[in-house]
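[1] Sharing a model prediction with you, sequence too.
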Amino acid sequence: MIRTSWCTLLLLGAFVFAQQPSPLRQEIGKIIVAPGRGPTLAIADFVPRNEPAVPAAALIRQVLAQDLDFARVANLVGQSLHPSNRPAEPEQVDFAAWGGDPTRADYLVFGNVSLIGQELILESYLYDVQARQRLYARQHRFPIGQARQAAHIIADEIVKTLTGLDGIATSRIAFVSGQGRQSEIYVMDYDGANVRPFTREGSTALFPSWSPDGRKIAYVSLSSGVPNIHIRSYPDGMLLPFPHFPQGTTISPVFSPDGRWIAFCSSKDSNSTQLYIASADGSVIRQLTSERGLIHSSPRWNPRTGREIAFISNRSGTPQIYIIDVDGANLRRVLDRGGFADSPAWSPDGRFLAFAWRPPYASQFDIFLMDIATREIVQLTDGPGSNESPSWAPNGRHLAFQSNRTGRFEIYLMHIDGTGVRQITHIGGRSPAWAR
């Protein structure tokens, strides 16, 4: 007879409990379709209608597959499992072949591409294979050099059709790149393609932030010798009015959800870095904090309410996350576990805060996620290197962040549950800011 001690039972029970995902982990796990679960989606080769369209057809299929794979609204069927049938039109679809073994697709994307003169003509379709029902059919016309953009647009339309949610394939990310005292703001497609410089100041540019309509970028510039806020229209880069302060350090500008205000931190009035909000042209400035000898940084508006700002303060001794109302009232601490916190970022629905945190006794930062209502926290990254500066995708399903896991900081993407990590910059990258 085997006797089991109470101690052993307690240890076994603790082990079983530890294996169960936390409520927050379970909740965010439902947002992304996990591999092997949920519906399946097959993307057939797009059929070129004429010889000049062959390269564009191949590129469109490749980019579309990458977009829908990262979107994680369905599991993609590997091309090795596709039937030989390549439909260009709906009447050419062999539903039995695409829906049966070994493909077993729930949904099928297919289409055709023509190149006439300097114009790409693209027809794309989405079918429910099992129901043999058409869900989406569109014809697009693009200039010859916009095959990638065409694929991104189709990907977002397919995501919208399947989920009712906006896709991110046509979104943009601003970031900082440069060495030493020279850095500039760059903008790229969400997947790291089409990188182009936005600023050309030949100085130090930091902390980019998009306006909600994507038509302006605010950032900090040292071109005058003192850190000050610059605002430029996008994409033409025209400098817009905003006051410069002759002394102190001004950092971390961020637009309010309605685009009418900018929150920032500055030591312009004292030797302390305080939290301010200003009208978008700087004509009205209000100071929200006034404690001397403290450092405040990284303000972020709640995009759902527009009435709260999360920020970092060292008023408790080490940098922690606080929230304050936009009138300066109702200050409260939301992270009280010690360590060193940085870069809080609200999810688009205002439910979660992503942030960089170096817990007590840890040697590096990682990205964590907090449910604001319950204050439950889950860890999304776990090295290597230091993982910092999270920024939300516009649809709230993905995060961009910076990591030095390769030896220098680059920009990476991941799903809200911490899976699907991919590097998207290769020229150095910091402070990603994601815009629709």
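    Good, I have the coordinates.
[2] center of the protein - which residue?
    residue 393 (3.0 Å; C-alpha atoms, centre = their mean).
[3] And the chain, what are its domain boundaries?
    Residue ranges for the structural domains of the chain, counted by automatic domain parsing, are given in the record as 40-163, 172-435.
[4] Can you tell me which of those is nearest to residue 24?
    The closest of the domains of the chain to residue 24 is domain 172-435. By C-beta to C-beta, the value is 4.4 Å. From N, CA and C alone the C-beta is placed, and that goes for glycine too.
[5] For the closest one, what does the pLDDT average out to?
    Mean per-residue pLDDT for domain 172-435: 95.
[6] So which residues of the stretch 201-350 of the chain form strands?
    Residue ranges of the strands in the stretch 201-350 of the chain, as given by DSSP state E, counting those that start in this stretch, are 205-210, 216-221, 228-233, 239-240, 250-255, 261-266, 274-279, 285-287, 296-301, 308-313, 320-325, 332-333, 340-346.
[7] Looking at these, which is nearest to residue 192?
    That would be strand 205-210 among those, by C-beta to C-beta, at 16.1 Å.
[8] What strands flank that closest one, and is each parallel or antiparallel?
    Strands that pair with strand 205-210, judged by DSSP bridges, come out as strand 216-221 (antiparallel).
[9] What would the strand it pairs with look like as CSV? C-alpha coordinates only.
    Extracted as CSV, the C-alpha positions of strand 216-221 are listed here (Å, rounded to 0.1, in the frame of the first residue of the first chain):
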residue,chain,number,x,y,z
LYS,A,216,0.8,64.4,-38.1
ILE,A,217,3.8,63.1,-36.1
ALA,A,218,5.0,64.8,-32.9
TYR,A,219,8.5,64.0,-31.7
VAL,A,220,11.3,65.5,-29.6
SER,A,221,14.1,67.2,-31.5
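[10] what is the orientation angle of that strand with strand 228-233?
    Strand 216-221 and strand 228-233 are oriented at 150 degrees to each other (axes from the mean of the first three to the mean of the last three C-alpha atoms, to 10 degrees).
[11] what residues are up against the closest residue to residue 60 other than its chain neighbours?
    Excluding the flanking residues, the one nearest residue 60 by C-beta to C-beta, 6 or more residues apart in numbering is residue 151, at 4.6 Å. Each residue near residue 151 by C-beta atoms under 8 Å, 6 or more residues apart in numbering is listed here: 59-64, 67, 169.
[12] can I get those in TSV with pLDDT, neighbour count and secondary structure?
    Supplementary listing: the contacts of residue 151 in TSV, determined by pLDDT from 0 to 100; neighbours: other C-beta atoms under 10 Å; DSSP: H, G, I helix; E, B strand; the rest coil:
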residue	pLDDT	neighbour count	secondary structure
59	97	16	helix
60	97	27	helix
61	97	21	helix
62	97	16	helix
63	98	22	helix
64	98	24	helix
67	98	25	helix
169	98	26	coil
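[13] In this protein, mark out all the helices, start to finish.
    For the chain, the helices defined by DSSP state H cover 6-19, 23-29, 54-71, 95-99, 147-163.
[14] Lowest average pLDDT across the ones you listed?
    Averaged per stretch, pLDDT over these is lowest on helix 6-19, reaching a mean of 37.
[15] rewinding a little: and of the domains of the chain, who's closest to residue 25?
    Proximity to residue 25, assessed across the domains of the chain by C-beta to C-beta, is greatest for domain 172-435 (5.2 Å).
[16] Would you enumerate the residues in contact with residue 293?
    Under the criterion of C-beta under 8 Å, 6+ apart, the neighbours of residue 293 are 271-272.
[17] ok, so what distance separates it from residue 317?
    In this structure, residue 293 and residue 317 are 12 Å apart, going by C-beta to C-beta, to the nearest Å.
[18] Of all the helices of the chain, which one is nearest residue 282?
    Relative to residue 282, the nearest member of these by C-beta to C-beta is helix 147-163, separated by 35.1 Å.
[19] Which parts of that closest one count as buried, going by neighbours?
    By neighbour count, and taking 16 or more other C-beta atoms under 10 Å as the criterion, the buried residues in helix 147-163 are 147-159, 162.
[20] And stretch 126-134, by the same measure?
    By neighbour count with 16+ other C-beta under 10 Å, stretch 126-134 contains the buried residues 126-129.
[21] and what of stretch 170-189?
    Along stretch 170-189, the positions that meet the burial threshold by neighbour count (16+ other C-beta under 10 Å) are 170-178, 183-189.
[22] Excluding chain neighbours, what is closest to residue 436?
    The shortest distance from residue 436 to any residue that is not its chain neighbour, by C-beta to C-beta, 6+ apart, is 4.3 Å, and that residue is residue 394.
[23] what's the burial count for that neighbour?
    Applying the criterion other C-beta atoms under 10 Å, we find 21 residues in the vicinity of residue 394.
[24] State the distance from it to residue 248.
    When distances are taken as C-beta to C-beta, residue 394 and residue 248 turn out to be 33 Å apart.
[25] With residue 354 instead?
    Noted for residue 354: a distance of 29 Å to residue 248, by C-beta to C-beta.
[26] residues in contact with residue 161?
    126, 135-136.
[27] Can you flag which of those belong to strands?
    When DSSP state E defines the strands, the subset of those inside them is 126, 135-136.
[28] Residue 90 against residue 134, yeah?
    Yes - between residue 90 and residue 134 there is a contact under C-beta atoms under 8 Å: 6.5 Å.
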